[in-house]
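Trainee: Make a model of this:
(chains A and B)
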Amino acid sequence: MNDVLGSLKRSNYCGKISEEDIGKEVVLMGWVAKRRDLGGVIFVDLRDREGIIQIVMNPTISEEAHEKAKELRSEYVIAARGMVVKRPAGTENPELKTGNIEVNVTELRILNVSKPPPFPIEEKVDISENIRLKYRYLDLRRPNILKNFILRHKLAKAVRDYFNDHGFLEVETPFLTKSTPEGARDYIVPSRIHLGKFYALPQSPQLFKQILMISGFDRYFQIVKCFRDEDLRADRQPEFTQIDVEMSFIDVDTIQEVTEGMIAHIFREVMNIELALPFKKLTYNEAIDRYGLDRPDTRFDLFLVDITDIMKNSKFKVFQDVVSRGGIIKALNLPGGGRFSRKEIEDLNEIISIYEAKGLSWMKYTEKGWTSPISKFFSNSQLDSIKEKMKVNEGDLILIVADNPEIVNNALGNLRLHLARITGIVEEERYNFVWITDFPLFEYDKEEKRYVSVHHPFTSPKEEDIPFIESEPLKVRAKAYDLVKKQKQSLDFS
RNA sequence: GGGGGCGUAGUUAAGCUGGUUAUAACGCCGGCCUGUCACGCCGGAGGCCGCGAGUUCGAGUCUCGUCGCUCCCGCCA
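Mentor: Modelled structure (predicted):
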C-alpha cells in the first residue's frame, strides 16, 4: 500500500543540496537509485532531475523510517524528510557532487513502488536501442540522457537569442501540406475530409520560403521538424530538426557571416568553445579532387593525387583500358604504410569494393626501392614521377584506384577515411568547419534519364554561368553552399 | 531495391568439428550484517536457445524458410 504525499512539500532538489544546507531540515522527492542495507543502517542514493544525494535511515534517529526503508527497492518513488548533516570523517565520497553531506531521515513515505527495472538506470548502459526504447520512460531517467535534453534546450535558446538580436522573426509553417517535386520521398497523411487524398509532410520547410520572402518577411527563422521517408542509417532519422534561416536582399558574404556568427554563438554559449572565424572554404571541385567527397574530413592531411597522366602510357593493361574508356587513376600516399602486411593491404579491397571499385593496386617504397606486384609495368621515369608527385618517402605505401571518376573519388575518399580510423590520425576533438562552395546546379540522373537539381529546384545559378544552362548544364555552378563539420554535412544554404 | 552481421535467463555475453542436467557476470528473491557508496558474506529461483520445417539415433550448434533487430551500398534537393 502506497503512502500519500499529504501536505509534504519538496524543499530542495537532491542534486542541489550543498554544504551550505548543513543543519537544515529538507523534504526530498525522488527515485531510489541504489539501496545499501547494512542490517543496522540503510543507505539510499536518492535521485531526481538535478542529481543524487545519499540519505540515511538509522534506527537511532528514526525506528519507523528505518523499518520502512527495508521495503525500498530500485526505482521506488519516495518522499523523505530529514536533516542535512556533514558526513562522518572518512566516509565522504568524492565521486559524488553531494559526497560530503547526507540526509538523516526522520520520516519516509513510499509514494510508489516499482518492479525491478529491466536495465540499470545509470550513465553508461550497454543495452540495445530496442530495449531502451521499449522502456523509454526508464531510459529518460538516465542522467546523461537528461544531459542531452539540457544541451538541446540551451542550443535552442542560444539560436533564438542570436537571431532575435540580428533582426530575425521566428515563424511557424504548416506540417500538413502538398508534395513537392524532386527530393526525398514524402511521408503522407490520409485525409478524412477529402476522401482518397493525402497530405504530405514537408521534407524541409524551405518549401514556404518563396511565399514569405515575396510577402516581405525579409529575415526569418524557425527551429523545425523535417520529414523524409527514406531508408535509415546509424546517423539518420526519419524525422529530424533543422534550423531554417531565410533572408532577402543579401549576398553570399552576408549569409556566411550570419551563419558563422550563429555557430560561433552556439559553441560559445552552449559548450564554451571559441571557434576561429571565418571558416575555411573549399570549392566543390577542390573537395572532390583532394578528398574524393563533397563532405571532406579536413582534420588530417591525406590527399588524393591524380596520376592519370603519369600512368596512362604504362604497360599495365588495366590502367590503359580504364583511361581509354575515359576513366582516371588516383592514389593515396599513406606515410609509414609500408608496415602493412600484404594481407592487410589486400583486405582494403573490401573497403573499396563497397563503393564498386574493382581493384586496389599498391606499391611500397622501401630501402630496396619499389615493392609491388605491379611496379614491373612501369618505367623508371614513371616511377620517379610518382615518387616526386606523391612526395614518397621510404616506408610509405601508395594505394591506387583506377576507374571512372565517380567511383575512383568515392572509393578512395572513403578509403581515406577508413585509413584515418585504423591508423588513428584523426584529432577527434577538433572542430573543422569548412565551407564547400560552387556546387554544380544539376546532375544527370541515369535512371530518370534527365538532369535533376543537385540541391533543390529553387536554387539560383551563379550569374556568370547562366549562358551555359542550355548548352552545358553540368557546367553550371549553383549559389549553394554546404558547411561541413567532422565529415558530416551540418548545414546547407542556397 | 541490394548486401553483411546478430536473435541463448530480466540484462550483457560464452557455448569449438552436432553428443550428459545449456554456462558466467550483473540483476532478482531469502537469510546475516550499524558507515556503505561496484557494500560484504551465505543460500536460492530464473530458459519454447526468436518462430516453423528439414537432415540426423541425437540440433542452441547444420540446411531451408520466416519474423525481428542492426550495419553498409543505393537513396536521403
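
Trainee: Give me the buried positions along stretch A:418-438.
Mentor: For stretch A:418-438, burial by neighbour count (16 or more other C-beta atoms under 10 Å) applies to A:419-420, A:426, A:432-438. (C-beta placed from N, C-alpha, C; glycine too.)

Trainee: same check, this time on stretch A:296-309
Mentor: Going by neighbour count (16+ other C-beta under 10 Å), the buried part of stretch A:296-309 is A:296-300, A:302-308.

Trainee: Equivalent analysis for stretch A:447-461, please.
Mentor: Result for stretch A:447-461 [16+ other C-beta under 10 Å]: buried residues A:453-456, A:459, A:461.

Trainee: Poorly predicted segments of chain A, please.
Mentor: Along chain A, segments meeting pLDDT under 70 span A:1.

Trainee: Report the two members of the buried residues of stretch A:447-461 separated by the largest distance.
Mentor: A:His456 and A:Pro461 (13.1 Å; C-beta to C-beta).

Trainee: Near RNA strand B, which residues of the stretch 51-200 of chain A? Just list them.
Mentor: Proximity of the stretch 51-200 of chain A to RNA strand B (C-beta under 7 Å from any atom of the strand) is limited to residues A:54, A:56, A:58-60, A:73-74, A:87-88, A:90-93, A:95-96, A:99, A:102, A:116, A:118-120, A:126-131, A:182-185.

Trainee: Narrow these to those in strands?
Mentor: Among these, DSSP state E puts A:54, A:56, A:102 in strands.

Trainee: Which stretches in the stretch 1-150 of chain A count as helices?
Mentor: Under the criterion DSSP state H, counting those that start in this stretch, helices of the stretch 1-150 of chain A are mapped to A:63-69, A:129-134, A:136-139, A:143-165.

Trainee: strands paired with the next helix or strand along the chain from the longest one, and their directions?
Mentor: Same thing as helix A:143-165. In the C-terminal direction, the helix or strand that comes right after helix A:143-165 (DSSP states H and E) is strand A:169-170. Strand A:169-170 pairs in its sheet with strand A:219-227 (parallel), by DSSP bridges.

Trainee: re the thing from before, ok, the ones in strands among the residues of the stretch 51-200 of chain A next to RNA strand B vs A:Glu443, which is closest?
Mentor: Nearest to A:Glu443, judged by C-beta to C-beta, of these is A:Gln54 at 61.7 Å.

Trainee: does that closest one really touch A:Asn100, like I thought?
Mentor: No. Between A:Gln54 and A:Asn100 there is no contact under C-beta atoms under 8 Å: 10.4 Å.

Trainee: Pick out whichever of those two has more residues nearby.
Mentor: A:Gln54 (21 against 15; other C-beta atoms under 10 Å).

Trainee: Kindly state the beta-bridge partners for that one.
Mentor: A:Asp45.

Trainee: what about the helices in the stretch 201-350 of chain A?
Mentor: Ranges of helices in the stretch 201-350 of chain A, per DSSP H, counting those that start in this stretch, are A:209-214, A:252-266, A:284-291, A:308-311, A:317-324, A:342-354.

Trainee: what's the closest of these to A:Leu412?
Mentor: Of all those, helix A:342-354 comes closest under C-beta to C-beta, at 7.5 Å.

Trainee: if you look at the closest one, does any of it touch RNA strand B?
Mentor: Yes. Using C-beta under 7 Å from any atom of the strand, helix A:342-354 comes into contact with RNA strand B via A:Ile354.

Trainee: Restricting to C-alpha, output that helix in PDB.
Mentor: The C-alpha coordinates for helix A:342-354 follow below in PDB (Å, rounded to 0.1, in the frame of the first residue of the first chain):
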ATOM      1  CA  ARG A 342      50.400  -8.000 -47.700                       C
ATOM      2  CA  LYS A 343      47.200  -9.400 -46.300                       C
ATOM      3  CA  GLU A 344      46.300  -6.100 -44.500                       C
ATOM      4  CA  ILE A 345      46.600  -4.300 -47.800                       C
ATOM      5  CA  GLU A 346      44.600  -6.900 -49.700                       C
ATOM      6  CA  ASP A 347      41.900  -6.600 -47.100                       C
ATOM      7  CA  LEU A 348      41.500  -3.000 -48.100                       C
ATOM      8  CA  ASN A 349      39.900  -4.300 -51.300                       C
ATOM      9  CA  GLU A 350      36.800  -5.000 -49.200                       C
ATOM     10  CA  ILE A 351      36.500  -1.300 -48.400                       C
ATOM     11  CA  ILE A 352      36.800   0.000 -51.900                       C
ATOM     12  CA  SER A 353      34.600  -2.800 -53.300                       C
ATOM     13  CA  ILE A 354      31.700  -1.400 -51.200                       C
END
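
Trainee: That helix packs against which elements?
Mentor: Helix A:342-354 sits against strand A:396-403, helix A:405-423, with contacts defined as 3 or more C-beta pairs under 8 Å, 6 or more residues apart in numbering; DSSP states H and E.

Trainee: Mind doing that once more with 6 Å?
Mentor: The criterion is 3 or more C-beta pairs under 6 Å, 6 or more residues apart in numbering; DSSP states H and E, and the helices and strands that helix A:342-354 contacts are helix A:405-423.

Trainee: Does the helix it packs on reach RNA strand B?
Mentor: Yes. Helix A:405-423 lies within reach of RNA strand B by C-beta under 7 Å from any atom of the strand, at A:410, A:414.

Trainee: from the middle of its chain, how far away would that helix be?
Mentor: Relative to its chain's centre, helix A:405-423 lies at 20 Å (C-alpha atoms, centre = their mean, to the nearest Å).
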